[in-house]
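Asks: Need a 3D model of the following:
(2 chains)
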Amino acid sequence: MSSEQDYFAVGPDPLDLLFAYTLATDLSQGAVVCMVGTVRRQTAGRSVSHLEYEAYTPMALEVFKQIATAIRERWPATGKIVIHHRTGKLALGEASVLVAVGHPHRAAAFDGCEYAIDALKSDAPIWKKEHWADGESDWVVAGSVGAKPE
Amino acid sequence: MKVSIKLFASYREAYGRDEVILELPQGTTCAQVQAHLARESPQLDRWSKIVRFGVNCQFVPPQTALVDGDELVLIPPVSGG
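Replies: Below you'll find the model as predicted:
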């Protein structure tokens, strides 16, 4: 257990994959799985111009902590966990979220990382507004209602 | 009692602000606060059946009674990631 070395952050600064990996790795681990969510140029056939994220930061950090606890209940040998979500205006191709999970063995590192991103999308109080190329925009709902991690 | 209500996404846009402080009768529930806000801003109806509630940064059921000084957040469907 190395929960005191977890790193959770929510904020407007660009995400740094190498920083997340460096925080998540240590000598007891045989694998660190890193997941990067990025802004794609199309959604449901519609051209995206950019995205805007807003978060209720104190509760989002609380939810990240609960996700880490749930991961260690399922995969007790899990090492360090890093979850970093960006807020504000994001251009196409930019990273919106980083998750890194370390474990002595790769299979559990993959499982823990997948659990973390699924749980984050279902429960973290973070909202995304899609701005489309035609000038319209709306808050995203699809994929979040009823989406439950196993 | 005084309760501070944090507004995000469509709720923030409907109110043009990110926080509202309400003076409420003792025992008011989260669901009652949501119904009150939706009456004032009918465009929030789209969320009324799927909004979730957080009190002091923890998810709570809609029927949870608020107490003085609570910070309530209305959570329309989230879409992080």
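Asks: So residue A:47: helix, strand or coil?
Replies: strand (DSSP: H, G, I helix; E, B strand; the rest coil).
Asks: so what's the nearest residue to it once chain neighbours are set aside up against?
Replies: Nearest residue to residue A:47, sequence neighbours excluded (Cβ to Cβ, 6 or more residues apart in numbering or on different chains): residue A:133, at 3.8 Å. Every residue, glycine included, has its C-beta placed from N, CA and C. Counting by Cβ atoms under 8 Å, 6 or more residues apart in numbering or on different chains, residue A:133 makes contact with A:46, A:47, A:48, A:49.
Asks: out of those, which one sits closest to residue A:21?
Replies: Nearest to residue A:21 out of the contacts of residue A:133 is residue A:48 (Cβ to Cβ; 27.7 Å).
Asks: Would you quantify the distance from the nearest residue to residue A:94 once chain neighbours are set aside to chain B?
Replies: Closest residue to residue A:94 apart from its sequence neighbours, by Cβ to Cβ, 6+ apart: residue A:39 at 5.3 Å. Distance, residue A:39 to chain B, by Cβ to the nearest Cβ, to the nearest Å: 11 Å.
Asks: residues near residue B:61, how many?
Replies: 10 (other Cβ atoms under 10 Å in any protein chain shown).
Asks: which ones are touching it?
Replies: With contact taken as Cβ under 8 Å, 6+ apart, residue B:61 is in contact with B:30, B:53.
Asks: Got phi/psi on it?
Replies: Backbone torsions for residue B:61, taken as degrees, to the nearest 10, come to phi -70, psi 150.
Asks: how near is it to residue A:33?
Replies: 34 Å (Cβ to Cβ, to the nearest Å).
Asks: try residue B:63
Replies: In this view, residue B:63 and residue A:33 are 40 Å apart by Cβ to Cβ.
Asks: So the two - more neighbours on which side?
Replies: Using other Cβ under 10 Å, the more surrounded residue of residue B:63 and residue A:33 is residue A:33, with 21 against 10.
Asks: pretty sure that one is in contact with residue A:113, am I right?
Replies: Yes: between residue A:33 and residue A:113 there is a contact at 4.1 Å, judged by Cβ atoms under 8 Å.
Asks: which residues are in contact with both of the two?
Replies: Counting by Cβ under 8 Å, 6+ apart, the contacts common to residue A:33 and residue A:113 are A:100, A:101.
Asks: Point out the residues in chain B that sit beside chain A.
Replies: B:6, B:8-10, B:12, B:50, B:54, B:57-59, B:73, B:75-81 (Cβ under 8 Å from any Cβ of the partner chain).
Asks: okay, which residue is most central for chain A?
Replies: residue A:97 (4.2 Å; Cα atoms, centre = their mean).
Asks: That residue: what's it in contact with?
Replies: So residue A:97 contacts A:15, A:35, A:36, A:37, A:83, A:84, A:85, A:86, A:117, A:120, B:80, B:81 (Cβ under 8 Å, 6+ apart).
Asks: Need the nearest residue in space to residue A:127, chain neighbours excluded.
Replies: residue B:9 (3.9 Å).
Asks: what secondary structure does whichever residue of chain B sits closest to chain A sit in?
Replies: Per Cβ to the nearest Cβ, the residue of chain B with the smallest distance to chain A is residue B:80, at 3.2 Å. Secondary structure, three-state DSSP: residue B:80 is coil.
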